[in-house]
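A.B. asks: Give the three-dimensional model of this entry:
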Amino acid sequence: MTARALKPTWVTRRLPTDLALSWGAPHDPQVADLLLCEVVRTALHGRVETTSGSRMKLYAGDQIICAVGNRYATALLEAAAEAATARIDLLSASGVCGRVLERAHTTNRPTSLQVLGQAFSAGHPVNLRSFSLGPPPLAAGDPSWVVVVGSAMDSGKTTACASLIHGLTAAGLRVGAAKLTGTASARDFGAFRDAGAAPVLDFLDVGWPSTMGCTTEDLRGILQAIAGHLRAAPLDWAVLEIADGLLQWPTTRGFIQSRLGPTALPLPKNMRLPSAKSLKAWDSPLLREHDTMRSS
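C.D. replies: Predicted coordinates for the structure are as follows:
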């Protein structure tokens, strides 16, 4: 392996640059474990997002460090965090890997990877959650909150968030932003940063390469950590995006029902939630939860 052949990926952005890694035979890799992979054939993802957020073209023979994860992208593919075989798939440009279960008929076949080894440090598998945000500092205050959701992926949620952030910062307000669910993406992270948000956080900062397959307790932990760190910053506003769409179960639709409800994890009273009118297309349990939330 040469330095030129190894291309960094966005999912490794929180790893210390001086971290000593050794590579061994894979031992039942779990979600967020790191694998060293060689590109066998490029297809759907012909580029990777680097730790700086730039994009690098992939060629057969390139070596990349990936994180095992699930993915469900309504317009692209469904994939599982499975890496028990020598040949796996690249699931995202950010470096999430696993096995594609199904893909849309218009979606190209996935970029194919050969697993060369699993990352170990001091004899233990290296997992992204070992490098997640620590406990948040003391809260500096409670910003006004905006939560942006949509009907599906590619429906304009990130664009709406960036527009809100840009408008609020242009008005002289201090704005932070976060993406609570989805698949790690340097593009989305950069969109918030470029619009003027600081800090910008996402679930990768809590050690998750994607949130598909997370339990409600996992989602609770993600929300607690991100909201805590945003509260610790001296912000006037915080803009939060929930990825994909309201029909995705359980991570998106279930997150709204189970995690933003008053009996689960109460959030600030001034957090703005979708109006009942905007949710009228969805089923009654979600509307009932929303009505309960509004009346609490």
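
A.B. asks: can you pull out the strands in the stretch 151-296 of the chain?
C.D. replies: Secondary structure of the stretch 151-296 of the chain (DSSP state E, counting those that start in this stretch): strands at 175-179, 200-202, 237-241, 271-272.

A.B. asks: Show me what the first one packs onto, helices and strands only.
C.D. replies: Think strand 175-179. For strand 175-179, the packing partners by 3 or more Cβ pairs under 8 Å, 6 or more residues apart in numbering; DSSP states H and E come out as helix 157-170, helix 186-194, strand 200-202, helix 216-232, strand 237-241. Yep, even glycine has a C-beta here, placed from its N, CA and C like the rest.

A.B. asks: if we can go back for a sec, can you tell which of the strands of the stretch 151-296 of the chain is closest to residue 21?
C.D. replies: strand 200-202 (23.6 Å; Cβ to Cβ).

A.B. asks: can you list the domain ranges for the chain.
C.D. replies: Per the record, the chain has its domains at 6-131, 144-295, by automatic domain parsing.

A.B. asks: and of those, who's closest to residue 137?
C.D. replies: Residue 137 lies closest, by Cβ to Cβ, to one member of the domains of the chain: domain 144-295, at 4.2 Å.

A.B. asks: which of the strands of the stretch 151-296 of the chain sits most buried?
C.D. replies: Most buried of the strands of the stretch 151-296 of the chain, by mean neighbour count (mean count of other Cβ atoms under 10 Å): strand 175-179, with a mean of 28.

A.B. asks: Pull up the pairing partners for that strand, direction included.
C.D. replies: The strands that strand 175-179 pairs with in its sheet are strand 200-202 (parallel), strand 237-241 (parallel) (by DSSP bridges).

A.B. asks: lowest-confidence stretch among those strands?
C.D. replies: The weakest mean pLDDT among the strands paired with strand 175-179 belongs to strand 237-241, with a mean of 95.

A.B. asks: orientation of that one relative to helix 157-170 in degrees?
C.D. replies: 170 degrees (axes from the mean of the first three to the mean of the last three Cα atoms, to 10 degrees).

A.B. asks: Show residues contacting strand 237-241.
C.D. replies: 143-149, 157-158, 161, 164-165, 168, 173-180, 182, 188, 192, 197, 226-227, 230 (Cβ atoms under 8 Å, 6 or more residues apart in numbering).

A.B. asks: Leaving out chain neighbours, which residue sits closest to residue 86?
C.D. replies: Counting by Cβ to Cβ, 6 or more residues apart in numbering, residue 115 is the residue found nearest to residue 86 once chain neighbours are left out, at 5.4 Å.

A.B. asks: Please name the residues that touch the one you found.
C.D. replies: 26, 35, 36, 37, 83, 85, 86, 87, 88.

A.B. asks: circling back: mind checking which of the strands of the stretch 151-296 of the chain is nearest residue 8?
C.D. replies: Here strand 200-202 is closest among the strands of the stretch 151-296 of the chain (Cβ to Cβ), at 17.7 Å.

A.B. asks: next one: that closest one to chain centre, how far?
C.D. replies: Centroid separation for strand 200-202 versus its chain: 9 Å, with Cα atoms, centre = their mean, to the nearest Å.

A.B. asks: who's in contact with that strand?
C.D. replies: The contact list for strand 200-202 (Cβ under 8 Å, 6+ apart) reads 133, 176-180, 182, 184, 188-189, 192-193, 226, 229-230.

A.B. asks: So in the protein, where's the weakest helix or strand by average pLDDT?
C.D. replies: For the chain, counting by mean pLDDT, DSSP states H and E, helix 284-295 ranks last in confidence among helices and strands (a mean of 33).

A.B. asks: quick one: residue 45 and residue 201, what's the gap?
C.D. replies: To residue 201, residue 45 is 24 Å away according to Cβ to Cβ, to the nearest Å.

A.B. asks: can you check residue 209 too?
C.D. replies: Shown here: residue 209 relative to residue 201, a distance of 15 Å by Cβ to Cβ.

A.B. asks: Next: residue 162.
C.D. replies: 15 Å.

A.B. asks: will you turn the strands paired with strand 175-179 into CSV that also has distance to residue 78?
C.D. replies: Shown next, in CSV, are the strands paired with strand 175-179 (distance: least, Cβ to Cβ, whole Å):
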stretch, distance to residue 78
strand 200-202, 21
strand 237-241, 21
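
A.B. asks: Having no further points to raise, I will conclude here.
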